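Chemist: sequence below, structure please.
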Amino acid sequence: MFPILNRHAASSEERDEPSSSVGVVIIGHGSRDPQSNTEFESLVADFQAMYPDLNVSFGYVEIAGPSMEAALAESAARNARVIVAPLFLFGAGHLKNDIPLALAAARAKYPNVVFTATRELGVHASLVELAFDRAAPLLQSATPATKTSVIVVGRGSSDPDANGDFYKLCRLLGEGRQFAWVVPSFIGISRPFFEEAAELVARSRPDRVVVIPYFLFAGRLYEKLQAQAEAFSSRNPWIRMDVAPCLGGDVKVLQVLRERIEEALENRQPLPCDTCQYRVPISGVTGNVGGLRAMLWSMRHAFTHTQAVPHVHAHKPLAKHVLICGNADCADCGSLALIGSVRRLLRRARRDLDIRVTRTGCMGRCGEGPTVAVYPDGIWYRGVQEIDARELVEEHLLHDRIIARLVDSIMQ
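Modeler: Below you'll find the model as predicted:
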């Protein structure tokens, strides 16, 4: 056990009062697959067993409960200091947006409690080795490494920084191991997708392909990956393809999590967004865009950017901006026809200039589309069909009446 954890987590006899303790709130993503949530909660229990003097609890960013906000409130009621430890492999949107916003709200509500967030697990040598360990039993065969290709599969993110870190990890995993190929890929959102990477690798005619899912826990994404691997094998029976297990709650994961908490307690590695100019006043930009005013800055931009001269896409502020997913899954469900109908109806109502309809890439709700988001209202709809276009325009876009039956409650 690290000395600083002992120092902050003294026994109850040594404390002046119960509130002098340190609480650790481990944040998970949340899954629709109960087994995935069970694996996460088992990891939390294992971490509590490693540090019995810490008040360890957990919360989820979305889908599952308790919510992150509820977990922070519960821990703040019992502790003088709360360490928020996001159990995320890479730093993407949840780490950079959702957690800082939740921390800001918690700090305002509990001014006497010190809230500190750790960074993500990140690119770490122990996790590189763990990923290789998961694949090692599949690699122990007569097939030489030079005839074996490895495809590493990440979750995929709309954050370029997170995708870049994933690529770095894949490179580190393959260094010095003499595999024919070590190819990074994604199960969704970012490209290349796994199926694309597999077809590319197949052209090099390897004897064997080992797939390493760089997921913490099994769940729907892992099941999807297994199904795609089976489909690949049926198309390419001469190439053996095996899928390794997920990382899981291995002791290496717990050790990296412990390091991140230690860094936070020593104030060595804060959450990157805790020192971002858009969240706190920094040096010479104190009067620029500090704290949580990034959102205000974005709103202000909508009103002021047309004043710059000349501006190639100048327009008045929009009354509403409608985003409709046009990615493959939603397109198969009819989103392109929906886009066309909504645009035609707005033109007939002569509102197409101040209500803009934009076709987007994946909005992260695959399998439940077509997905529609209306801003600045912040309302997300799912399963919207072309037949719903008139109701969407007449009720919500023109008269601000939300269509309850189509609301995506998870995204509100």
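Chemist: buried set for stretch 374-387?
Modeler: Within stretch 374-387, the residues that count as buried by 16 or more other Cβ atoms under 10 Å are Val374, Ile379, Trp380, Tyr381, Arg382, Val384, Glu386. For the C-beta atoms, the positions are set from N, CA and C on the backbone; glycine is no exception.
Chemist: oops, could you answer that again for stretch 366-376 instead?
Modeler: Within stretch 366-376, the residues that qualify as buried by neighbour count (16+ other Cβ under 10 Å) are Cys366, Gly369, Pro370, Thr371, Val372, Ala373, Val374.
Chemist: do I have it right that Val342 meets Ala389?
Modeler: Yes: between Val342 and Ala389 there is a contact at 5.0 Å, judged by Cβ atoms under 8 Å.
Chemist: out of these two, which sits in the more crowded spot?
Modeler: Val342 (24 against 21; other Cβ atoms under 10 Å).
Chemist: of the buried residues of stretch 374-387, closest to Val123?
Modeler: The shortest approach to Val123 among those belongs to Trp380, at 32.2 Å (Cβ to Cβ).
Chemist: point me to the helix or strand that includes the closest one.
Modeler: Under the criterion of DSSP states H and E, Trp380 resides in strand 379-381.
Chemist: what helices or strands is that strand leaning on?
Modeler: For strand 379-381, the elements it packs on are strand 372-375, judged by 3 or more Cβ pairs under 8 Å, 6 or more residues apart in numbering; DSSP states H and E.
Chemist: could you give the mean pLDDT of the strand it packs on?
Modeler: Summarised as a single mean, pLDDT over strand 372-375 is 92.
Chemist: could you export it as CSV, CA atoms only?
Modeler: Below are the C-alpha coordinates for strand 372-375, written out as CSV (Å, rounded to 0.1, in the frame of the first residue of the first chain):
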residue,chain,number,x,y,z
VAL,A,372,-32.4,12.9,-34.4
ALA,A,373,-31.1,15.7,-32.1
VAL,A,374,-32.6,19.1,-31.9
TYR,A,375,-30.5,22.0,-30.6
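Chemist: distance-wise, check Glu196 relative to Ala131.
Modeler: According to Cβ to Cβ, to the nearest Å, Glu196 stands 21 Å off from Ala131.
Chemist: just want to know which of those two has more residues nearby.
Modeler: In this comparison of Glu196 against Ala131, neighbours counted by other Cβ under 10 Å, the higher total goes to Ala131 at 23 against 13.
Chemist: pull out the buried residues from the host helix or strand of the more buried one.
Modeler: Ala131 is part of helix 125-139, with elements assigned from DSSP H and E. Going by neighbour count (16+ other Cβ under 10 Å), the buried part of helix 125-139 is Leu127, Val128, Leu130, Ala131, Phe132, Arg134, Ala135, Leu138, Leu139.
Chemist: any chance you could map the strands in the stretch 51-200 of the chain?
Modeler: In the stretch 51-200 of the chain, the strands defined using DSSP state E, counting those that start in this stretch lie at 55-60, 81-86, 114-117, 148-154, 181-186.
Chemist: likewise for the stretch 201-350 of the chain?
Modeler: 208-213, 240-243, 320-325.
Chemist: please identify the deepest-packed of those strands.
Modeler: Ranked by average neighbour count under the criterion mean count of other Cβ atoms under 10 Å, the strands of the stretch 201-350 of the chain are headed by strand 208-213 at a mean of 24.
Chemist: for Val44, give me its contacts.
Modeler: Ile26, Val56, Ser57, Phe58 (Cβ atoms under 8 Å, 6 or more residues apart in numbering).
Chemist: could you do Glu195 as well?
Modeler: Remark: with contacts taken as Cβ under 8 Å, 6+ apart, Glu195 is in contact with Gln228, Ala231, Phe232.
Chemist: including distance to Ala49, neighbour count and pLDDT, could these go into CSV?
Modeler: What follows is the contacts of Glu195, written out as CSV (distance: Cβ to Cβ, whole Å; neighbours: other Cβ atoms under 10 Å; pLDDT from 0 to 100):
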residue, distance to Ala49, neighbour count, pLDDT
Gln228, 36, 19, 96
Ala231, 41, 12, 95
Phe232, 40, 21, 94
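Chemist: of all these, which comes closest to Pro206?
Modeler: Phe232 (12.2 Å).
Chemist: for the closest one, give me its contacts.
Modeler: Glu195, Ala198, Glu199, Ala202, Ile239, Met241.
Chemist: any chance of the strands of the stretch 51-200 of the chain in JSON lines, plus distance to Arg260 and mean neighbour count?
Modeler: Formatted as JSON lines, the entries for these read as follows, by distance: least, Cβ to Cβ, whole Å; neighbours: other Cβ atoms under 10 Å:
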{"stretch": "strand 55-60", "distance to Arg260": "14", "mean neighbour count": "22"}
{"stretch": "strand 81-86", "distance to Arg260": "6", "mean neighbour count": "25"}
{"stretch": "strand 114-117", "distance to Arg260": "10", "mean neighbour count": "19"}
{"stretch": "strand 148-154", "distance to Arg260": "20", "mean neighbour count": "26"}
{"stretch": "strand 181-186", "distance to Arg260": "24", "mean neighbour count": "21"}
